[in-house]
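Let me see the structure of the following:
(one chain, ligands or ions: 1)
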Amino acid sequence: MKIEETPLKDCVLIHNTVFNDDRGYFFESFNAERFCNLTGKFVNFVQDNQSHSVRGVLRGIHFQKGEHAQSKLVRVIRGEVLDVAVDLRPASPTFGQYFSVILSDTSNTQLFVPRGFGHGFIVLSKEVNFFYKCDNFYNKASEGGLMYSDPELNIDWKMDASEILVSKKDEQNLSFSSYKESMGL
Ligand SMILES: Cc1cn([C@H]2C[C@H](O)[C@@H](COP(=O)(O)OP(=O)(O)O[C@H]3O[C@@H](C)C(=O)[C@@H](O)[C@H]3O)O2)c(=O)[nH]c1=O
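Residues are numbered from 1 along each chain as shown. Okay, here's the model as predicted:
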């Protein structure tokens, strides 16, 4: 297992050691001790989530507020996505910046998205099974969302707008400027 820093502090890529043989492959998708030693963080994951989506589906940009904030360790089990993490920590030097990376079932790379970040992904392959661990429970009342197409965030989703499919809920997400206003910034 190797850690690769991203331009956003605390948000790291994790490359697992994959053991290939005649039967296929094996890798440890999470090992608490190694994760802690390599990242310097103790993260107590308490909930696992899995979703299935078809090409063009964009889920995001999501976060939970306040004491319900979640760190996420995300990966793709089947297919390929462009995964996006947005630094929403007002005190961070990279506040408002995003990092994007292709995650797929062939690279098996994982992204650690810390508390205080927004997270989303768009499906690039025909179908995707997406899996992630969270260090805080789902709390509907504290859900927040930023508009994926916000001009200030200016995220390159690498897909034509006409192909993008979002939920009714995500159509109502906040602009980054309204988000900042709601935070008193
Ligand atoms: C996220 C979540 C949803 N749900 C329910 C609520 C709703 O009825 C249904 C679908 O929820 P959503 O539309 O919010 O699902 P989705 O759009 O997949 O939401 C997820 O998006 C990615 C990008 C994330 O980062 C996650 O944290 C989460 O916000 O599942 C739970 O019961 N537990 C959960 O932890």
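
what does the chain put close to the ligand?
Residues of the chain found near the ligand (C-beta under 6 Å from any ligand atom) are 49, 51, 59-60, 62, 72, 119-121, 138, 167, 169. The way it works is simple: take the backbone N, C-alpha and C, and place the C-beta from them, glycine included.

mind pulling up the phi and psi values for the most centrally placed residue in the chain?
For the chain, H119 is the residue whose C-alpha lies nearest the centre (C-alpha atoms, centre = their mean; 4.1 Å). For H119, the backbone dihedrals (degrees, to the nearest 10) come out as phi -140, psi 140.

again with the one 3 residues further on
Taking degrees, to the nearest 10, you get phi -120, psi 140 for the backbone angles of I122.

For it, name its beta-bridge partners.
L58, L82 (DSSP bridges).

number of nearby residues for it?
26 (other C-beta atoms under 10 Å).

show me what contacts it?
56-58, 81-82, 84, 157-159, 164 (C-beta atoms under 8 Å, 6 or more residues apart in numbering).

re earlier: next, check the residues of the chain next to the ligand against the helices and list the overlap.
Applying DSSP state H to those, the entries found in helices are K169.

Could you turn the buried ones of the residues of the chain next to the ligand into a ChimeraX selection?
Only the buried entries of the residues of the chain next to the ligand go into this ChimeraX selection, using 16 or more other C-beta atoms under 10 Å:
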select :59,60,62,72,119,120,121
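
Just put the residues of the chain next to the ligand in JSON lines and tack on pLDDT and distance to T106.
Shown next, in JSON lines, are the residues of the chain next to the ligand (pLDDT from 0 to 100; distance: C-beta to C-beta, whole Å):
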{"residue": "N49", "pLDDT": "98", "distance to T106": "22"}
{"residue": "S51", "pLDDT": "98", "distance to T106": "19"}
{"residue": "R59", "pLDDT": "98", "distance to T106": "21"}
{"residue": "G60", "pLDDT": "96", "distance to T106": "23"}
{"residue": "H62", "pLDDT": "98", "distance to T106": "26"}
{"residue": "K72", "pLDDT": "98", "distance to T106": "21"}
{"residue": "H119", "pLDDT": "99", "distance to T106": "22"}
{"residue": "G120", "pLDDT": "98", "distance to T106": "22"}
{"residue": "F121", "pLDDT": "99", "distance to T106": "16"}
{"residue": "Y138", "pLDDT": "98", "distance to T106": "30"}
{"residue": "S167", "pLDDT": "98", "distance to T106": "28"}
{"residue": "K169", "pLDDT": "98", "distance to T106": "31"}
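
Tell me the one among the residues of the chain next to the ligand nearest to H15.
Taking C-beta to C-beta as the measure, K72 is the one of the residues of the chain next to the ligand closest to H15, at 17.4 Å.
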